[in-house]
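Colleague: Please find the sequence and the predicted model below.
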Amino acid sequence: MLYKTDLHIHTILSPCGDLSMSPQNIVDTAVSRGLHIIGITDHNSTRQAPLVKKIGEKKGLLVLCGCEITSKEEAHCLAFFKDDETLGEFQKFLDQHLPDIPNHTDKFGYQVVVDENEEIIYEEPRLLLSALNVDLDGLYNEVHRLNGIFIPAHIDKPSTSLMSQLGFVPPDIKADGMELTRHITPEKFIKRFAYLKKFKFIQSSDAHFLDAIGETFMELELSELSFEGVRAFFSRS
């Protein structure tokens, strides 16, 4: 079956995320727009994702829990994990490797986690927009150690992408798939960069506001609506 999918959505935990991006609002908006699968990808933190997943399950929405990691090269990458245990293990990794640079809310915005009643239960003191002290290969290895999915984000973007930071996409890069912005189709991209045709490509909204959720999406052909189904999609040649 084909499943309407948006795998790049930020919550209020991301400093650049609008304060309307609460777990309940995200799920309600995703369902209203006919999405079957969403990915929660806050910057360098997984702490808000489990509640979105819990609320999504009640609405029949598959929520992949993960984050948008900033590598040592300052390239953004998406990572997703199957369950709370591996998600928690990766959060420990993030906490260990995120620099101790304080967030300034007046400049970057709030970084908060809320409960089901939208009450603040945690505020991240370190700036989540910072780069981790781990390179791309190191991130891939850690994500795969935890049986996760690793996807370099918006690789054609003129900033915070493989192309902007490295000047190109290395042919031997370790990844499960690649994300493109809405500005180019996978077909046109592969025509220009045929050496990357071995990868599965997705396009997502990178939503920071409710109106953007599902604005860009992909229809994934999956054998089942589950994390394993999504992982199998990326592993198929």
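Modeller: Arrived safely.

Colleague: mind listing the strands for this protein?
Modeller: Residue ranges of the strands in the chain, as given by DSSP state E, are 2-9, 37-40, 62-70, 76-81, 112-114, 120-123, 149-152, 177-180, 200-203, 218-221.

Colleague: From Ala79, how far out is the closest residue in space to Lys82 that isn't next to it in sequence?
Modeller: Once flanking residues are discounted, Lys82 sits nearest to Phe227: 4.7 Å by C-beta to C-beta, 6 or more residues apart in numbering. In short, each C-beta sits where N, CA and C put it, glycine included. Plainly put, Phe227 is 13 Å away from Ala79 if you go by C-beta to C-beta, to the nearest Å.

Colleague: the more surrounded of these two?
Modeller: The neighbour count for Phe227 versus Ala79, taken as other C-beta atoms under 10 Å, is higher for Ala79 (28 against 20).

Colleague: ok, what's across the strand from the residue lying closest to Thr41 once chain neighbours are set aside?
Modeller: Of all residues not flanking Thr41 in the chain, Glu68 sits nearest, at 4.2 Å (C-beta to C-beta, 6+ apart). Here Glu68 sits in beta bridges with His43, Leu78, as judged by DSSP bridges.

Colleague: circling back to that earlier point, which stretch among the strands of the chain comes nearest Leu132?
Modeller: Leu132 sits nearest to strand 62-70 of all the strands of the chain, at 6.1 Å, using C-beta to C-beta.

Colleague: Does anything pack onto the closest one? Which helices or strands?
Modeller: Helices and strands touching strand 62-70, by 3 or more C-beta pairs under 8 Å, 6 or more residues apart in numbering; DSSP states H and E, are strand 2-9, strand 37-40, helix 49-58, strand 76-81, helix 84-97, helix 227-235.

Colleague: so which of the ones you listed comes closest to Ser205?
Modeller: Ser205 sits nearest to strand 2-9 of all those, at 5.1 Å, using C-beta to C-beta.

Colleague: Model confidence for the residue nearest the centre of the chain, exactly?
Modeller: A centroid search over the chain (C-alpha atoms, centre = their mean) returns Thr41, at 3.3 Å, as the residue closest to the centre. pLDDT recorded at Thr41 is 98.

Colleague: contacting residues around it?
Modeller: Counting by C-beta atoms under 8 Å, 6 or more residues apart in numbering, Thr41 touches 7-10, 66-68, 78, 153.

Colleague: Most neighbours among those, which one?
Modeller: Greatest neighbour count in the contacts of Thr41, by other C-beta under 10 Å, goes to Ile9: 31 neighbours.

Colleague: Please name the bridge partners of that residue.
Modeller: Bridge pairing for Ile9 (DSSP bridges) gives the partners Ile40, Ala207.

Colleague: Go ahead and confirm it touches Gly39.
Modeller: Yes - using C-beta atoms under 8 Å, Ile9 is in contact with Gly39, at 6.3 Å.

Colleague: okay, and the common contacts of the two?
Modeller: Shared contacts of Ile9 and Gly39, defined by C-beta under 8 Å, 6+ apart, comprise Ser204.

Colleague: which other helices and strands contact the lowest-mean-pLDDT helix or strand in the chain?
Modeller: Every helix and strand in the chain was compared by mean pLDDT, DSSP states H and E; the lowest is helix 105-108, with a mean of 92. Applying 3+ C-beta pairs under 8 Å, 6+ apart, we find helix 105-108 packed against no helix or strand.

Colleague: Not counting its own residues, what contacts it?
Modeller: 15-16, 111, 127, 129.

Colleague: Perfect, I'm done here.
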